[in-house]
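*Asks:* my questions concern the predicted model and sequence given below.
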There are 2 protein chains.
Amino acid sequence: MTAITDLDLLSAFVAVAEERHFRRAAERLHLAQPVVSRRIQRLERDTGVQLLERSTRQVSLTDAGTGFLDDARRLLHDADLAVARAQRVAQGVLGRLSIGFVESVAFELLAPLLAELERRVPDVTLELRELSTEQQLTDLHADVDVAIVRELGEHELSAEHLRGRHLLTERLHVALPERHRLAGRSTLQLAELADLPFIIFPRPPVPRLHDHLLAVCARADFHPDVVAHAAQYPTMLAMVAAARGLALVPACARAIRPRGVRLVPLGDAHATTSLSLAWQEPAPAALDTFIDAASAVAHAHDTPREI
Amino acid sequence: MTAITDLDLLSAFVAVAEERHFRRAAERLHLAQPVVSRRIQRLERDTGVQLLERSTRQVSLTDAGTGFLDDARRLLHDADLAVARAQRVAQGVLGRLSIGFVESVAFELLAPLLAELERRVPDVTLELRELSTEQQLTDLHADVDVAIVRELGEHELSAEHLRGRHLLTERLHVALPERHRLAGRSTLQLAELADLPFIIFPRPPVPRLHDHLLAVCARADFHPDVVAHAAQYPTMLAMVAAARGLALVPACARAIRPRGVRLVPLGDAHATTSLSLAWQEPAPAALDTFIDAASAVAHAHDTPREI
DNA sequence: TCCACTGATACCGTTTTCGCATCATGCGCC
DNA sequence: GGCGCATGATGCGAAAACGGTATCAGTGGA
């Protein structure tokens, strides 16, 4: 098998072919002229093909050399390109990133986050998957590189290679039918809702938020009177609009402007809910940029408004 | 500039990536295992990118390595391809050959010659140019790699790097109007034509054939009574058919079966005309095959018939 | 005829690279 | 749970490869 192993030989050949002069080619390559002579000899020996016709007065390409010149240039270029691509993947500016997120992220956060990622890493292909928090933490290493989840506890990060980071905390709001007697209030206390009917997230599919909201109520010393369950926000808010009960939702639910529903912020200090990032090591290099972008976008949404 | 110079590093990387095992990769490459370890290290150092994740128990590709594997395989393949192409050009089975030929070659010789070349060197692109002998010998190094010419003298080959080779000799025929009194003869002697009117090739565009035919007549001790000139065979034979005169043409003119014209072979020993190849060094590698094919085709046409 | 200039070669010191032997580490088995 | 085996990494000495300087040899022009 006669094959090329050293791209320096190709560089020498390209230089000589373009300069048609061994000494000038050597200068271009910052080498002594005999080195270039030997590289051309080695290239011709390795390929078994005479590529250059040379006398002491002039250098010219053979037919085989003419064709090989194009191939050599392309090979050198492709080699550089391959290295550059690998470097860009390692830097996280090229590649693929699979992002999982809970439904409510799509209300406000997702659009500016995608815009920011497009700005920072346009060559990273994003795969978006709307999933529940539970599904995401389970599938984390399979389909999802990074998850945006609700109510991630610090203690959960002890799992193997599981890492997490708090993103933002938002105030809980009460969703009321717009003709409800409390709908005109600018703020409410949980205690005022103790005897009212609640629509709440069902435990089996979304246990985390279910448990969190019950815990929030418990800190206000009551157990809500649950009259219905809904696993998605539009369903839940439609039920509120139909005056079946009221619901506790994150502030970002305001963004979907539900018809016939008023959202009133809760004044209780602990009436909040958090969004966090979670991922599993090793992660794609684009993750760092993603975390940065997500934090920036969350911060921009967080500070101007009250939590 | 961080770049690859050694394709052996890529081979090592591909082997390790495919085997996911340094020792097996080393065996595949017929190397000791430490060599492979160091080649991977060198590749990662040269590119500045970690391509493999390796513990003592398993080897896996990083994201950058996964993409780089494809590029590395393609680069190695392209390098082999480039060498193979150059070798094929040097062997003359790939490339380009420009063939010049005089008009009469198209009558008989050209078709089987092209078929033979297609069979022997299908990847050689042929450029065909019908030109006079004079034009070909002038343009030889410019546009035409090899010329098929009439009446090439040995003394002409003394020119710089001009080479030649006799191809075939064919008998001259007399072209007569089919109702001419001599048209029924199976053979004729030049001396019988001494007083008849001749149509002949004009000297300026085709001096070689003009001079040759006059010389042939001179050896039969007469100077033809030239009543008209024609530079192409169809024109000349149309004039013969119109009974303007008679003409001397090579045997291959039979192949065009001119209407209203009879071709009668000349019995004189010297009443022949030759086709030769001419080329200029250096010539494309495909020339050898061409000479071989042309000789074979000429021989096949030459031997079954009388010259 | 000589000179200037070209690519090829000889030689030498340095660097690189190879293979062997060995080390460090991590998983599995008893 | 400690021992053993397999794996990739490292140390080292010998050999090969490589680059640079000096020089040779061929060619074309003054």
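*Replies:* Thanks, I have the structure now.

*Asks:* show me where chain A has strands.
*Replies:* Shown for chain A, the strands assigned by DSSP state E span residues A:52-54, A:59-61, A:94-101, A:123-130, A:146-150, A:162-177, A:197-200, A:225-229, A:246-250, A:261-265, A:272-280.

*Asks:* between the ones you listed, which one is closest to B:A111.
*Replies:* For the strands of chain A, proximity to B:A111 was assessed by C-beta to C-beta; strand A:59-61 is nearest, at 34.0 Å. Bear in mind the C-beta positions are built from the backbone N, C-alpha and C, glycine included.

*Asks:* residues of the closest one that come out buried?
*Replies:* A:59, A:61 (16 or more other C-beta atoms under 10 Å in any protein chain shown).

*Asks:* just name the most buried of the strands of chain A.
*Replies:* Mean neighbour counts were compared across the strands of chain A using mean count of other C-beta atoms under 10 Å in any protein chain shown; the top stretch is strand A:246-250, at a mean of 26.

*Asks:* between that one and strand A:261-265, how big is the angle?
*Replies:* Interaxial angle of strand A:246-250 relative to strand A:261-265 (axes from the mean of the first three to the mean of the last three C-alpha atoms, to 10 degrees): 60 degrees.

*Asks:* okay, now the sheet partners of strand A:246-250, with direction.
*Replies:* Note on strand A:246-250: by DSSP bridges, its sheet partners are strand A:162-177 (antiparallel), strand A:197-200 (parallel).

*Asks:* picking up where we left off before, turn the strands of chain A into a markdown table, columns for mean pLDDT and distance to A:L190.
*Replies:* Formatted as a markdown table, these follow (pLDDT from 0 to 100; distance: least, C-beta to C-beta, whole Å):
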| stretch | mean pLDDT | distance to A:L190 |
| --- | --- | --- |
| strand A:52-54 | 93 | 87 |
| strand A:59-61 | 94 | 85 |
| strand A:94-101 | 94 | 28 |
| strand A:123-130 | 94 | 29 |
| strand A:146-150 | 92 | 19 |
| strand A:162-177 | 91 | 9 |
| strand A:197-200 | 94 | 11 |
| strand A:225-229 | 92 | 13 |
| strand A:246-250 | 94 | 9 |
| strand A:261-265 | 93 | 11 |
| strand A:272-280 | 91 | 12 |
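
*Asks:* and these: which comes nearest B:V227?
*Replies:* Nearest of those (C-beta to C-beta): strand A:59-61, 52.2 Å.

*Asks:* quick check, the closest one touching DNA strand D?
*Replies:* No - counting by C-beta under 7 Å from any atom of the strand, no contacts exist between strand A:59-61 and DNA strand D, the nearest distance being 12.3 Å.

*Asks:* returning to what we had before: export the strands of chain A to a markdown table and tack on distance to B:L172?
*Replies:* As requested, these are exported to a markdown table (distance: least, C-beta to C-beta, whole Å):
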| stretch | distance to B:L172 |
| --- | --- |
| strand A:52-54 | 43 |
| strand A:59-61 | 44 |
| strand A:94-101 | 75 |
| strand A:123-130 | 75 |
| strand A:146-150 | 90 |
| strand A:162-177 | 96 |
| strand A:197-200 | 111 |
| strand A:225-229 | 109 |
| strand A:246-250 | 105 |
| strand A:261-265 | 109 |
| strand A:272-280 | 92 |
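
*Asks:* how close does the closest residue to A:R219 other than its chain neighbours sit to chain B?
*Replies:* Closest residue in space to A:R219, ignoring its immediate chain neighbours: A:H270 at 5.4 Å, by C-beta to C-beta, 6 or more residues apart in numbering or on different chains. Computed as C-beta to the nearest C-beta, to the nearest Å, the A:H270 to chain B distance reads 41 Å.

*Asks:* look up phi and psi at A:H270.
*Replies:* Main-chain torsions, A:H270, degrees, to the nearest 10: phi -90, psi 0.

*Asks:* residues near it, how many?
*Replies:* Residues within reach of A:H270, counting by other C-beta atoms under 10 Å in any protein chain shown, total 11.

*Asks:* repeat for A:L75
*Replies:* By other C-beta under 10 Å, the residues close to A:L75 number 21.

*Asks:* could I get the buried residue list for stretch A:207-224?
*Replies:* Buried residues in stretch A:207-224 (16+ other C-beta under 10 Å): A:208-210, A:212-214, A:216-217, A:220, A:224.

*Asks:* and these, which is closest to A:A90?
*Replies:* A:R208 (34.9 Å).

*Asks:* need the pLDDT of the residue in the stretch 201-307 of chain A that DNA strand D sits nearest to.
*Replies:* Per C-beta to the nearest atom of the strand, A:P282 is where the stretch 201-307 of chain A lies closest to DNA strand D, at 16.4 Å. Predicted confidence (pLDDT) for A:P282: 78.

*Asks:* ramachandran angles for it?
*Replies:* phi -80, psi 150.

*Asks:* and the gap between the nearest residue in space to A:A3 that is not next to it in sequence and DNA strand C?
*Replies:* Computed as C-beta to C-beta, 6+ apart, the closest residue to A:A3 that is not its neighbour in sequence is B:D80, at 5.7 Å. To DNA strand C, B:D80 is 19 Å away according to C-beta to the nearest atom of the strand, to the nearest Å.

*Asks:* A:D71 now?
*Replies:* Distance, A:D71 to DNA strand C, using C-beta to the nearest atom of the strand: 21 Å.

*Asks:* in contact with that residue, which residues are there?
*Replies:* B:78, B:81-82, B:85-86 (C-beta atoms under 8 Å, 6 or more residues apart in numbering or on different chains).

*Asks:* try it again at 10 Å.
*Replies:* A:D71 makes contact with A:4, A:10, B:78-79, B:81-83, B:85-86, according to C-beta atoms under 10 Å, 6 or more residues apart in numbering or on different chains.

*Asks:* can you list the residues you listed in JSON lines and add pLDDT and neighbour count?
*Replies:* Shown next, in JSON lines, are the contacts of A:D71 (pLDDT from 0 to 100; neighbours: other C-beta atoms under 10 Å in any protein chain shown):
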{"residue": "A:I4", "pLDDT": "88", "neighbour count": "20"}
{"residue": "A:L10", "pLDDT": "98", "neighbour count": "24"}
{"residue": "B:D78", "pLDDT": "97", "neighbour count": "16"}
{"residue": "B:A79", "pLDDT": "97", "neighbour count": "22"}
{"residue": "B:L81", "pLDDT": "96", "neighbour count": "12"}
{"residue": "B:A82", "pLDDT": "97", "neighbour count": "21"}
{"residue": "B:V83", "pLDDT": "97", "neighbour count": "21"}
{"residue": "B:R85", "pLDDT": "96", "neighbour count": "19"}
{"residue": "B:A86", "pLDDT": "96", "neighbour count": "28"}
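
*Asks:* separation between whichever residue of the stretch 51-200 of chain A sits closest to DNA strand C and chain B?
*Replies:* Nearest residue of the stretch 51-200 of chain A to DNA strand C: A:T56, at 3.5 Å (C-beta to the nearest atom of the strand). From A:T56 across to chain B, the span is 17 Å (C-beta to the nearest C-beta).
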